[in-house]
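Trainee: what would the 3D arrangement of this be:
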Amino acid sequence: MSRVLVTGAAGFIGSHLAHRLLDRGDEVVGIDNLNDFYDVRLKHDRLARLEPRDGFSCQRIECPTARRWPRCFPSRESREWCTWRHRRV
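Mentor: Model (predicted):
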């Protein structure tokens, strides 16, 4: 089991990726800024479906606060960076 950071976890692609990673047994740390680019209720609904799942946690983080990421991934060995465009899950 890997710990995977999913940016934009409340979005359409990010939430589906998070579900897929959880299904395969990974731990998912989601981050999202929950901006109002489109209806924020959709984002909250997606997070509401993810939050009860074992292995999922989410934090509201703006991109400029990327310095907080090491708190989500305290050891380099536990990090697996996943970008949906570059890797099929």
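
Trainee: mind listing residues that contact the helix or strand that residue 20 is a member of?
Mentor: Using DSSP states H and E, residue 20 sits within helix 12-23. Residues outside helix 12-23 that contact it (Cβ atoms under 8 Å, 6 or more residues apart in numbering): 4, 6-9, 28, 30, 32, 46-47, 49-50, 53-56, 82, 84, 89. C-beta: built from backbone N, CA, C; applies to glycine.

Trainee: that one: which residues count as buried?
Mentor: Judged by neighbour count using 16 or more other Cβ atoms under 10 Å, the buried positions of helix 12-23 are 14-15, 17-18, 21-22.

Trainee: hmm, back to that, got a quick PyMOL command for the buried subset of the contacts of helix 12-23?
Mentor: The following PyMOL line selects those of those that are buried, judged by 16+ other Cβ under 10 Å:
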select buried, resi 4+6+7+8+9+28+30+32+46+47+50+55+56+82
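
Trainee: restricted to strands, list the contacts of helix 12-23.
Mentor: Mapping those onto strands (DSSP state E) picks out 4, 6-7, 28, 30, 32, 56.

Trainee: now pLDDT and distance to residue 41 too, for those, in CSV please.
Mentor: Listed next are the ones in strands among the contacts of helix 12-23 as CSV, based on pLDDT from 0 to 100; distance: Cβ to Cβ, whole Å:
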residue, pLDDT, distance to residue 41
4, 92, 26
6, 94, 20
7, 90, 20
28, 96, 22
30, 94, 17
32, 92, 14
56, 96, 20
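
Trainee: not counting sequence-adjacent ones, nearest residue to residue 33?
Mentor: Spatial nearest neighbour of residue 33, excluding adjacent residues (Cβ to Cβ, 6 or more residues apart in numbering): residue 62 at 4.9 Å.

Trainee: any stretches of the protein with poor pLDDT?
Mentor: 63-89 (pLDDT under 70).

Trainee: still on that earlier bit, for the residue nearest to residue 33, grab the count of nearby residues.
Mentor: 12 (other Cβ atoms under 10 Å).

Trainee: mind checking how far it is from residue 51?
Mentor: From residue 62 over to residue 51 the distance is 20 Å, taken as Cβ to Cβ, to the nearest Å.

Trainee: likewise for residue 41?
Mentor: As defined by Cβ to Cβ, residue 41 lies at a distance of 15 Å from residue 51.
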